[in-house]
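Student: predicted model and sequence below, questions to follow.
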2 protein chains.
Amino acid sequence: MRQHRQAILFILSGPSGAGKDSVILGLRATHPDLHYAITTTTRPQRPGEVEGVSYYFVSKHEYDRLADHGELLAPANVHGHWYGAPLAPIRKALGEGQDVLLKIDVQGAMQVRRRLPQSACIFLTTPTFEDLVARLVERHTESKEDLERRIQDAHFEMAQMPQDDHCVINRRDDLTAAVTGISCIISAERLRIHRQPISFDTR
Amino acid sequence: MRQHRQAILFILSGPSGAGKDSVILGLRATHPDLHYAITTTTRPQRPGEVEGVSYYFVSKHEYDRLADHGELLAPANVHGHWYGAPLAPIRKALGEGQDVLLKIDVQGAMQVRRRLPQSACIFLTTPTFEDLVARLVERHTESKEDLERRIQDAHFEMAQMPQDDHCVINRRDDLTAAVTGISCIISAERLRIHRQPISFDTR
């Protein structure tokens, strides 16, 4: 009765400090069927981050080589560092019918959206701007200068939210609610009629 | 930071025999926060159906009085009987910010959609047309004549699916999957940005 539906690219963005990485850790449990795209970056590795899981950490030289060869999706300078998602694994997963989750900065999300309008965009944020700042300060992963830059950039990032499809609030004491929300968005998006090549035989 | 979002009217439709009533029983457990609109009908009460829960069973005379006074949403003759959802309780719930789930025939769903384009439409169906016929035959609730009419009407009903937003397949051995699917659609729809009157203060 039905062919396979087209694979979906889910874009998870939101300001720095919203909790994208924590949410993805939770999602890996509820949605092991997704391909989680790993981003390449020139930013220094933070304590606890794992090469090839959190990011691919590369030199600026190597980043430039990848970008010049067109191998990165939405290459962008964010908060003073370079980011970009390797295109080949994303293309491969989508081509094989596997849905992809791409964690990406707000700027990058807008670029990908323009290129792939069929993607489903999820914006993750905190209940208030103050919560966002508090989270950034408390994680102690940035230098003072880096921190100030991220807070400043967050003004622009928050303003881009209306261009997304869904908005999920990550409350300090309830990460599970945010994970469940995104998990439901993924399931519901798969049930959208325009995603499904349905041809009922009603003879 | 945010006002309340506008309440959503969820429309659950699909061909006769798809299992709308069974799914709603399951939904009442996962989503007790919804207002479940009860339809008024002139069709005879089936064994097991409860007045005021399954339907409001009324005479044709009483139905006409309600329809003439404009008290029914999408009044329609379906499979030879008259149906219509009392407007007042739906208006009241939505006005108070409570989301509403309206179970309605395919014809009625199209009417409501035209009147309230912001509503979220979910089409419930079986994996194949044969499954639908089998379900209708097995439930033994219709006369032979009624049954044939419903099967005939199902051709038209199936063809209307592309006008809905989501399609959920109710598999014979997995009612839970259908309930979970609709439950996720409800949660995800509430997270859609265009439903939310968000005004972030990013000063």
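Tutor: On my side now, so go ahead.

Student: which residues are contacting the lowest-mean-pLDDT helix or strand in chain A?
Tutor: In chain A, no helix or strand scores lower on mean pLDDT, DSSP states H and E than helix A:144-159, which sits at a mean of 86. Here helix A:144-159 makes contact (Cβ atoms under 8 Å, 6 or more residues apart in numbering or on different chains) with A:14-17, A:78-80, A:105-107, A:125, A:129, A:132-133, A:136-137, A:142, B:200, B:202. From N, CA and C alone the C-beta is placed, and that goes for glycine too.

Student: quick one: the helices in chain A?
Tutor: For chain A, the helices defined by DSSP state H cover A:20-30, A:60-68, A:87-95, A:106-115, A:129-138, A:144-159, A:175-190.

Student: of those helices, flag the one that's most buried.
Tutor: Most buried of the helices of chain A, by mean neighbour count (mean count of other Cβ atoms under 10 Å in any protein chain shown): helix A:175-190, with a mean of 20.

Student: and the residue in chain A that chain B sits nearest to, what does it touch?
Tutor: Using Cβ to the nearest Cβ, the closest approach of chain A to chain B is made by A:A188 at 3.6 Å. Contacts for A:A188 (Cβ under 8 Å, 6+ apart) come out as B:H166, B:G181, B:C184, B:I185, B:S187, B:A188, B:E189.

Student: would you format those residues as a markdown table with pLDDT included?
Tutor: Below are the contacts of A:A188 laid out as a markdown table (pLDDT from 0 to 100):
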| residue | pLDDT |
| --- | --- |
| B:H166 | 95 |
| B:G181 | 96 |
| B:C184 | 95 |
| B:I185 | 96 |
| B:S187 | 95 |
| B:A188 | 96 |
| B:E189 | 95 |
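
Student: out of the residues you listed, which comes closest to A:Q111?
Tutor: A:Q111 lies nearest to B:A188 out of those, by Cβ to Cβ, at 24.4 Å.

Student: how close does the closest residue to that closest one other than its chain neighbours get to B:R192?
Tutor: Nearest non-adjacent residue to B:A188, counting by Cβ to Cβ, 6 or more residues apart in numbering or on different chains: A:A188, 3.6 Å away. Distance, A:A188 to B:R192, by Cβ to Cβ, to the nearest Å: 10 Å.

Student: next: A:S119.
Tutor: 15 Å.

Student: how about low-confidence regions in chain A?
Tutor: Residue ranges of chain A with pLDDT under 70: A:1-3, A:197-203.

Student: enumerate the residues of it near chain B.
Tutor: A:1, A:123, A:125, A:127-129, A:154-155, A:158-159, A:161-162, A:164-168, A:180-181, A:183-185, A:187-189, A:191-193, A:196, A:198, A:200-203 (Cβ under 8 Å from any Cβ of the partner chain).

Student: contacts only, for the residue most central in space within chain A.
Tutor: Nearest to the mean C-alpha position of chain A, counting by Cα atoms, centre = their mean, stands A:K103 at 1.7 Å. Residues near A:K103 by Cβ under 8 Å, 6+ apart: A:L12, A:S13, A:K20, A:D21, A:I24, A:Y36, A:A37, A:T39.

Student: which two of these have the greatest separation?
Tutor: Applying Cβ to Cβ across the contacts of A:K103, the maximum distance is between A:S13 and A:Y36, 14.6 Å.

Student: many thanks, I have nothing further to ask.
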